[in-house]
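>>> Here's my sequence, what's the structure:
(chains A and B)
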Amino acid sequence: MEIIITRYGGLLIKAMGQTLLLALYGLFFACIVGLIFGLMSVIKNKPCNIIAQVFVFVIRGVPMIVLAFFIYFGVPYFLNTIIGLGKQVTLTALQAGTICLTLNCGAYMAEIIRAGIQSVDIGQMEAGRSLGLSYGKTMRKIVMPQAIRTMIPSIINQFIITLKDTSILSVIGFPELVNSAKNVQANTFLSFQTWAVVGIMYLIVITILSYAAKLMERRMNRGR
Amino acid sequence: MKKKIMTVILGMAMAASLCACGSAAETAAPAADTAAETDDASTDAAASDAAESTTDSKKWIIATDTSFKPFEYTDEKGDFVGIDMDILAAVAEDQGFDYEVQVLGWDASIAACQAGQADGMIAGASVTEERKSSGWIFSDGYYDANQCMAVAADSDIKGFADLDGLSVAVKTGTMSAAYAESLQDEYGFTVTYFEDSPTMYQAVVGGQVAGCFDDTPIMASNIKDSGLAMKLVEGTGNEPAAYGFAIFNPDNQALVDMFNKGLANIKANGKYDEILAKYLGE
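Predicted coordinates for the structure are as follows:
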């Protein structure tokens, strides 16, 4: 156990940094994408609803590892060879990983947001409109604040799932924690110690995040 | 009525998942067994006939890599073949032991041998002093090979000096990885780790990395036979080392001894040359 910590500790921590960086990028863009598609699925515009539903349907129907290979290898191949743009399109592992996480997490977030908004009593929207507020204003000032309170636990859940899903991106060579751990294991042959240490590292980070999220949730509910 | 329907559906789901587990395990074993019988149709027959020879009727579990052409790979017909597979089959027939091949992948094979789930591995593993001192126990070498760098067929890279600031792909825990790591500081490139050779080659051909390090015969075979759009870079090879059959548990020394004796025999009776000619065409 000591060898892992002393000799490879620095390497693993650097890899954990990469994992967190990727997760951060992915979650940031996923929130935006999720919000856009979530709202698109609730507003009264039929084409928007359909686009949002198709997006969620496609992304949820494909395992993330398939999405990762598709984005990192498949899309550049398609653009370079089949369409013939010739080697101009490449994605780094970080870019491909971010896109993959954004799409995956974004689709699930869209559903969470849709469910959150629809869980708010329709009376709220009616009351807001009858008081003369526009659709957008009612959404922003009345419906969303109530919806967010319902959505927070699910969103935190999704954040944690996405952080763990970064491990899938080890297959496209992104130097995150699992990829580095495989190297450590290959060099030391200490499978139990390596994976125990890595498991504990994930556990610590996620526990810290969950705790921070709980604090945030408590602060939001202080008004009640 | 609703409760009844739910119980029925749940029951079917449980039964289906149990079936899936059972059939997955079974399909792995027959595939490995058929692979072991590609050339020498009478491997199992010979093994059971000579069961009273060196060892008892113990079935040795041998792990190997998923795709390392021409040493182990899946051919167009879907059979798992290769130089390593044929040598193993020939040696087993000569020595009269029974075995089962498990296709796990490179680092998974090492882990399995370490943990005792496999008895040995044959996967184009290079024999080095460093490995010997970290617990690898090798047989006699059965093939000499070195590692070198390859780039995309239309790349301008002519040597290590052109790699400054670029990234290079290697396979986790291999000689190529060690070789690349020893050069990266000097030439200023970064190393990206992949799990298997084909994914690595994909990354080179697709332009995601500037080049890759892998064993020369494997890359040469892929370029020649599978039309891989890569080329080997001259002057980037390291010192050759022999491939050996490896175990990690000293208790399995008998297996290594049998392999050595068998290897000597098949070299003497021409079977070894036959196998090499079949895959390397010389």
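
>>> Please, which helix or strand holds the one residue in chain A that gets nearest to chain B?
In chain A, the residue that lies nearest chain B is A:A186 (2.5 Å; CB to the nearest CB). For the C-beta atoms, the positions are set from N, CA and C on the backbone; glycine is no exception. Using DSSP states H and E, A:A186 falls within helix A:177-188.

>>> what packs against that helix?
helix A:2-42, helix A:191-220, helix B:106-115, strand B:190-194 (3 or more CB pairs under 8 Å, 6 or more residues apart in numbering or on different chains; DSSP states H and E).

>>> So for the second one, what gets flagged as buried?
Right, helix A:191-220. For helix A:191-220, burial by neighbour count (16 or more other CB atoms under 10 Å in any protein chain shown) applies to A:191, A:193-195, A:197-198, A:201-202, A:205, A:209, A:213.

>>> so who does the residue in chain B positioned nearest to chain A touch?
Closest to chain A within chain B is B:G173: 2.5 Å, counting by CB to the nearest CB. Each residue near B:G173 by CB atoms under 8 Å, 6 or more residues apart in numbering or on different chains is listed here: A:182-183, A:185-187, B:106-107, B:110.

>>> Now do it, the pLDDT please.
Per-residue confidence (pLDDT) for B:G173: 86.

>>> thinking again about what came up before, flag the least confident of the buried residues of helix A:191-220.
Pick the lowest pLDDT in the buried residues of helix A:191-220 and you get A:S191, at 79.

>>> Just give the nearest non-adjacent residue to the most centrally placed residue in chain A, would you?
Central residue of chain A (CA atoms, centre = their mean): A:C105, 3.5 Å from the mean position. Nearest residue to A:C105 in three dimensions, chain neighbours excluded: A:A30, at 3.6 Å (CB to CB, 6 or more residues apart in numbering or on different chains).

>>> what's the spacing between the one you found and A:I99?
As judged by CB to CB, to the nearest Å, A:A30 and A:I99 stand 10 Å apart.

>>> Show me which of those two is the more surrounded one.
Neighbour tally, A:A30 and A:I99, criterion other CB atoms under 10 Å in any protein chain shown: the higher count belongs to A:A30, 25 against 19.

>>> Quick check: the more buried one touching A:T102?
Yes. With contact defined as CB atoms under 8 Å, A:A30 counts as touching A:T102 (4.9 Å).

>>> Spatially nearest residue to B:Q208, not counting backbone neighbours?
A:T90 (5.7 Å).

>>> Let's verify that neighbour: helix, strand, or coil?
coil (DSSP: H, G, I helix; E, B strand; the rest coil).

>>> same deal with B:D144?
Quick answer, by three-state DSSP: B:D144 is strand.

>>> show me what contacts it?
By CB under 8 Å, 6+ apart, the residues touching B:D144 are B:240-243.

>>> got those as JSON lines, with distance to B:Q253 and secondary structure columns?
As requested, those are exported to JSON lines (distance: CB to CB, whole Å; DSSP: H, G, I helix; E, B strand; the rest coil):
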{"residue": "B:P240", "distance to B:Q253": "26", "secondary structure": "coil"}
{"residue": "B:A241", "distance to B:Q253": "22", "secondary structure": "strand"}
{"residue": "B:A242", "distance to B:Q253": "19", "secondary structure": "strand"}
{"residue": "B:Y243", "distance to B:Q253": "19", "secondary structure": "strand"}
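
>>> where are the low-confidence patches of chain A?
A:1, A:4, A:85-88, A:223-224 (pLDDT under 70).

>>> before we move on, what about chain B?
B:18-57, B:281-282.

>>> Would you mind listing what in it touches chain A?
B:107, B:110-111, B:114-115, B:134-135, B:154, B:169, B:172-173, B:177, B:192-195, B:199, B:202-203, B:206-209, B:248 (CB under 8 Å from any CB of the partner chain).

>>> Could you write me a PyMOL select line covering just the buried ones among those?
The buried residues among the residues of chain B next to chain A can be selected in PyMOL (16+ other CB under 10 Å) with this line:
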select buried, chain B and resi 107+110+111+114+135+169+172+173+177+192+193+194+195+199+202+203+206+207+208+209+248
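
>>> I'd like the distance between A:I172 and A:K14.
For A:I172, the distance to A:K14 - CB to CB - is 19 Å.

>>> So which of these two has more stuff around it?
For A:I172 and A:K14, the more surrounded residue by other CB under 10 Å is A:I172, and the numbers stand at 26 against 13.

>>> How about the contacts made by the more buried one?
A:68-69, A:72-73, A:93, A:96-97.

>>> Secondary structure, neighbour count and distance to B:A161 added to these, as JSON lines?
Formatted as JSON lines, those follow (DSSP: H, G, I helix; E, B strand; the rest coil; neighbours: other CB atoms under 10 Å in any protein chain shown; distance: CB to CB, whole Å):
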{"residue": "A:A68", "secondary structure": "helix", "neighbour count": "25", "distance to B:A161": "33"}
{"residue": "A:F69", "secondary structure": "helix", "neighbour count": "17", "distance to B:A161": "33"}
{"residue": "A:Y72", "secondary structure": "helix", "neighbour count": "29", "distance to B:A161": "28"}
{"residue": "A:F73", "secondary structure": "helix", "neighbour count": "19", "distance to B:A161": "28"}
{"residue": "A:A93", "secondary structure": "helix", "neighbour count": "24", "distance to B:A161": "25"}
{"residue": "A:A96", "secondary structure": "helix", "neighbour count": "25", "distance to B:A161": "29"}
{"residue": "A:G97", "secondary structure": "helix", "neighbour count": "29", "distance to B:A161": "30"}
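
>>> Taking these, tell me the two that lie furthest apart.
A:F73 and A:G97 (12.8 Å; CB to CB).

>>> Quick one: name the residues of chain A near chain B.
A:72-73, A:76-77, A:80, A:87, A:90-93, A:170-171, A:173, A:175, A:179, A:182-183, A:185-187, A:189, A:191.

>>> quick revisit: tally up the residues packed near the residue of chain A closest to chain B, please.
With other CB under 10 Å as criterion, A:A186 counts 21.

>>> Test my guess that it contacts B:M175.
No. Using CB under 8 Å as the test, A:A186 is too far from B:M175 to be in contact (11.4 Å).

>>> Run through the helices of the stretch 101-250 of chain B in chain order.
With DSSP state H, counting those that start in this stretch applied, the stretch 101-250 of chain B shows helices at B:106-115, B:129-133, B:175-187, B:197-205, B:216-225, listed in chain order.

>>> By neighbour count, which bits of the third one are buried? Give me those.
Meaning helix B:175-187. B:175-180, B:183-184, B:187.

>>> Restrict that helix to CA atoms and write it as PDB.
In PDB, the C-alpha atoms belonging to helix B:175-187 read as follows (Å, rounded to 0.1, in the frame of the first residue of the first chain):
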ATOM      1  CA  MET B 175       7.800  -2.600 -23.400                       C
ATOM      2  CA  SER B 176       6.600   0.100 -25.900                       C
ATOM      3  CA  ALA B 177       5.200   2.100 -23.100                       C
ATOM      4  CA  ALA B 178       8.500   1.900 -21.200                       C
ATOM      5  CA  TYR B 179      10.500   2.700 -24.300                       C
ATOM      6  CA  ALA B 180       8.300   5.800 -25.000                       C
ATOM      7  CA  GLU B 181       8.500   6.900 -21.400                       C
ATOM      8  CA  SER B 182      12.300   6.800 -21.500                       C
ATOM      9  CA  LEU B 183      12.300   9.100 -24.500                       C
ATOM     10  CA  GLN B 184       9.500  11.600 -23.700                       C
ATOM     11  CA  ASP B 185      11.500  14.000 -21.600                       C
ATOM     12  CA  GLU B 186      14.400  14.200 -24.100                       C
ATOM     13  CA  TYR B 187      12.200  14.800 -27.200                       C
END
